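**Student:** 3D, please:
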Amino acid sequence: MRILVKKERDPALVRELLEIWESSVRETHLFLSDGEIEKIKEYVPQALISVPVLLVAEDETGALMGFMGIAEKRLEMLFLSKTARGRGIGKRLLQYGMEHYGVNELTVNEQNPLARGFYEHMGFEVYKRTELDEEGNPYPLLYMKRNR
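**Tutor:** Now for the predicted structure:
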């Protein structure tokens, strides 16, 4: 596996990352309805284009396995393809982000306990909780900082 920085974000790359995003969200964000996922999906391409640092994980054939977005030492997004889950790819991406970009903060949905557990395992602790997400929807968010 290799991790690459993507400065150019052409439509083909954005489409491929959007597919990874959707499959990951459908697997992990069970609290969202299909309609809510479709609504959020409309905003994902712009987030992919505008995030300051976009890293992708590729396998030896060049197939994308996941991606991560970083802004000012803050993890903005981390999503893995269905085939990449449970293989240590998320861990390697996050470690890379911590080592090379100083990632030390993130936000996770409280209703996504697997992600919360992963981030806790990676050394992050909850320091704040909100009842609503950033769009005002009833999805509590946990704000986490690295403790080591």
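**Student:** please name the bridge partners of the closest residue to Tyr119 other than its chain neighbours.
**Tutor:** Once flanking residues are discounted, Tyr119 sits nearest to Met144: 5.6 Å by C-beta to C-beta, 6 or more residues apart in numbering. Just so you know, the C-beta spots here come from the backbone N, C-alpha and C atoms, and that holds for glycine as well. For Met144, the beta-bridge partners are Leu106, Val126 (DSSP bridges).
**Student:** please apply the same query to Leu80.
**Tutor:** When assigned by DSSP bridges, Leu80 has beta-bridge partners Gly66.
**Student:** could you measure from it over to Gly66?
**Tutor:** Computed with C-beta to C-beta, to the nearest Å, the distance linking Leu80 and Gly66 is 4 Å.
**Student:** shared neighbours, those two?
**Tutor:** Common contact partners of Leu80 and Gly66 (C-beta atoms under 8 Å, 6 or more residues apart in numbering): 20, 24, 57, 89-90.
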